[in-house]
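Visitor: dropping the sequence and predicted coords here.
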Amino acid sequence: MTSNLAAVSYGVKISPDSLEGVRKVLADAGAEVSAESQEGDDRFGVFTSEVEARLESPDDLSALRRRVAEAAVEGVDTALVPTGLRQAERKLLIMDVDSTLIQQEVIELLAAYAGKREEVAAVTEAAMRGELDFAQSLHARVAVLAGLPAAVVDSVRNEVRLSLGAAELVAAFKAAGHVVAVVSGGFNQILGPIAEELGLDYWIANELEIVDGALTGKVLGAVIDRAAKEKYLRQWSAAEGIELAHTIAVGDGANDLDMLGAAGIGVAFNAKPAVRAVADAAINMPYLDAVRHIANV
């Protein structure tokens, strides 16, 4: 069975020589390469090849992706993307927030006001590596915020910075008529204004409980964990009439794994090793808008 793919290589050090390993892996797999094109800007380059490969099952594609990743040189990554996704009339982009859409981990910024930043950062790292149950770790981290004035939420919101290329990525997807969503283990109080500013179609996060002008150290309702992230991907794609095969999910931590696995293509963005090992593609540079080239938007 022949499958049509695009081999999209991108990186800050991309060059003809850097692509030789990819070409060899594809050739060894019996793939035929045609219609090569190059683009990019002064931040990173992009090289795309149309590929016909003999793949009998999804496992064959996963295996080919692993071989391509193993052949990568430092500073360049390659995504193998089904042509059907790249050519789809409507797509859904769904992203994690902390350390993906934005550069920071909001819980750590909040914890700094309680003098607990290092302690909370260590727990966050362990949770993102998949070493701790996310919901339990979130409750433990939020507990240290008890008693902080609600005004710290506004202060933290002013500290948050979008990832490089994030606004451009969202604008490009929206301008092309696609759907953009974010789902976060962070907090609505921070995400809400960002979502409105970017014009996101869907967004959800956890809700910090605030009573009498102070944080209680609790979150309201069910925690947005890895199962919830996948649930909202499926729910929102169904609501928009978009096939899962035409969805792109982006995240960095273990909390994103179910969402990345369910999407048409799951992209690990400067992710933990355990996430990079199983994601369909990886971006190992600070420019989130590389996702545009993967998705052909």
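Guide: Received the coordinates, thanks. Residues are numbered from 1 along each chain as shown.

Visitor: tell me the SS of residue 120?
Guide: Secondary structure for residue 120, judged by DSSP: H, G, I helix; E, B strand; the rest coil, is helix.

Visitor: contacts only, for it.
Guide: By C-beta atoms under 8 Å, 6 or more residues apart in numbering, the contact set of residue 120 is 107-108, 111, 141, 144. Any C-beta I mention is one placed from the backbone N, CA and C, and that applies to glycine too.

Visitor: please work out which residues outside the longest helix belonging to the chain touch it.
Guide: Once the chain is assigned using DSSP state H, the helix that runs over the most residues is helix 226-240. Helix 226-240 is contacted from outside by 90, 92, 94, 96, 134, 179, 181, 183, 201-202, 204, 222, 243-244, 246-247, 249, 251, 254-259, 261-263, using C-beta under 8 Å, 6+ apart.

Visitor: that older thread, let me know the closest of the contacts of residue 120 to residue 158.
Guide: Ranked by distance to residue 158 (C-beta to C-beta), those are led by residue 108 at 15.4 Å.

Visitor: tell me the helix or strand right after the helix or strand hosting residue 261.
Guide: Assigned by DSSP states H and E, residue 261 falls within helix 257-262. Next helix or strand after helix 257-262 toward the C-terminus (DSSP H and E): strand 265-269.

Visitor: quick one: average pLDDT of the helix or strand that comes right after that next one?
Guide: For strand 265-269, the following helix or strand on the C-terminal side (DSSP H and E) is helix 273-276. For helix 273-276, mean pLDDT rounds to 92.

Visitor: thinking again about what came up before, now tabulate the contacts of residue 120 in a markdown table and tack on pLDDT.
Guide: Formatted as a markdown table, the contacts of residue 120 follow (pLDDT from 0 to 100):
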| residue | pLDDT |
| --- | --- |
| 107 | 94 |
| 108 | 94 |
| 111 | 94 |
| 141 | 93 |
| 144 | 92 |
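
Visitor: quick one: which two of those residues are the most distant?
Guide: For these, with distances taken as C-beta to C-beta, the pair at the greatest spread is 108 and 144 (10.9 Å).

Visitor: how much space between residue 141 and residue 217?
Guide: Counting by C-beta to C-beta, to the nearest Å, the gap between residue 141 and residue 217 amounts to 10 Å.

Visitor: who's more crowded, these two?
Guide: Higher neighbour count among residue 141 and residue 217: residue 141, with 22 against 18, using other C-beta atoms under 10 Å.

Visitor: the more buried one in helix, strand or coil?
Guide: Secondary structure, three-state DSSP: residue 141 is helix.

Visitor: distance-wise, check residue 134 relative to residue 193.
Guide: Residue 134 is 24 Å from residue 193, by C-beta to C-beta.

Visitor: over to residue 120?
Guide: According to C-beta to C-beta, residue 120 and residue 193 sit 23 Å apart.

Visitor: where in this protein is pLDDT low?
Guide: In the predicted model, the chain carries pLDDT under 70 at residues 1-2.

Visitor: show me how the record splits it into domains.
Guide: Domains of the chain are assigned by automatic domain parsing as 1-87, 89-297.

Visitor: so which of those is the most packed in?
Guide: Ranked by average neighbour count under the criterion mean count of other C-beta atoms under 10 Å, those are headed by domain 89-297 at a mean of 19.

Visitor: between the two ends of that domain, how far is it?
Guide: This stretch, domain 89-297, spans 10 Å end to end (C-alpha to C-alpha, to the nearest Å).

Visitor: quick thing: my sequence starts at 20, can you match it?
Guide: In the new numbering, first residue 20, that becomes domain 108-316.

Visitor: residue ranges of the strands in this protein, please?
Guide: 21-30, 51-59, 64-73, 95-101, 111-114, 198-206, 221-230, 233-239, 266-270, 284-288, 300-302 (DSSP state E).

Visitor: for the residue in the chain sticking out farthest from the centre, phi and psi?
Guide: Computed with C-alpha atoms, centre = their mean, the residue of the chain farthest from its C-alpha average is residue 231, at 35.9 Å. Main-chain torsions, residue 231, degrees, to the nearest 10: phi 50, psi 40.

Visitor: ok, residue 232 next?
Guide: Here residue 232 shows phi and psi, under degrees, to the nearest 10, equal to phi 80, psi 20.

Visitor: hmm, it is touching residue 172, no?
Guide: No: contact between residue 232 and residue 172 fails when scored by C-beta atoms under 8 Å: they sit 10.9 Å apart.
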